[in-house]
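**Student:** mind folding the following:
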Amino acid sequence: MAIERTPLTRMDLVLTAADRDGGAHVDSRLTPEYERLAADGALGSLVRSDSVEIPITNGHLMALRQIGYEVLHSPDLIALAQAPPAAPATT
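**Tutor:** Next comes the predicted model:
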């Protein structure tokens with residue numbers, strides 16, 4: 001099975017999910033790139049020992065989960081969480 005390569009940035013993926021696919025609201029018009037990633041088999045398929053091919057589903061959700069994991073485990077975010085609280089601003 002040939003997989004069509006379509007550029008989709010992380011920002012495009014996150015914004016489309018939030019703005020159009022049930023995040024902030026649902027828009028009936030998803031981007032073609034997002035729809036291709038969400039389609040069953042977009043990331044290929046698995047073949048069982050009995051030669052039955054099973055398409056990989058929900059590629060968009062797997063990508064969003066990975067982005068979330070990387071953000072939550074980024075050294076910058078961890079350092080920010082461990083930093084002492086800032087003093088309140090005075091006027």
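**Student:** so residue 33 versus residue 64, what's the distance?
**Tutor:** Counting by CB to CB, to the nearest Å, the separation of residue 33 from residue 64 is 14 Å. All C-beta atoms are positioned from the backbone trio N, CA, C, and that covers glycine.
**Student:** if I look at the residue nearest the centre of the chain, what pLDDT would I see?
**Tutor:** By CA atoms, centre = their mean, the mean C-alpha position of the chain lies nearest to residue 64, the distance being 1.9 Å. With respect to pLDDT, residue 64 has a value of 95.
**Student:** I'd like to know which elements the longest helix along the chain is packed against.
**Tutor:** In the chain, with assignment by DSSP state H, the single longest helix is helix 59-72. Helices and strands touching helix 59-72, by 3 or more CB pairs under 8 Å, 6 or more residues apart in numbering; DSSP states H and E, are helix 10-20, helix 32-38.
**Student:** what lies in contact with it?
**Tutor:** Residues outside helix 59-72 that contact it (CB atoms under 8 Å, 6 or more residues apart in numbering): 10, 13, 14, 17, 21, 34, 37, 38, 39, 42, 43, 77.
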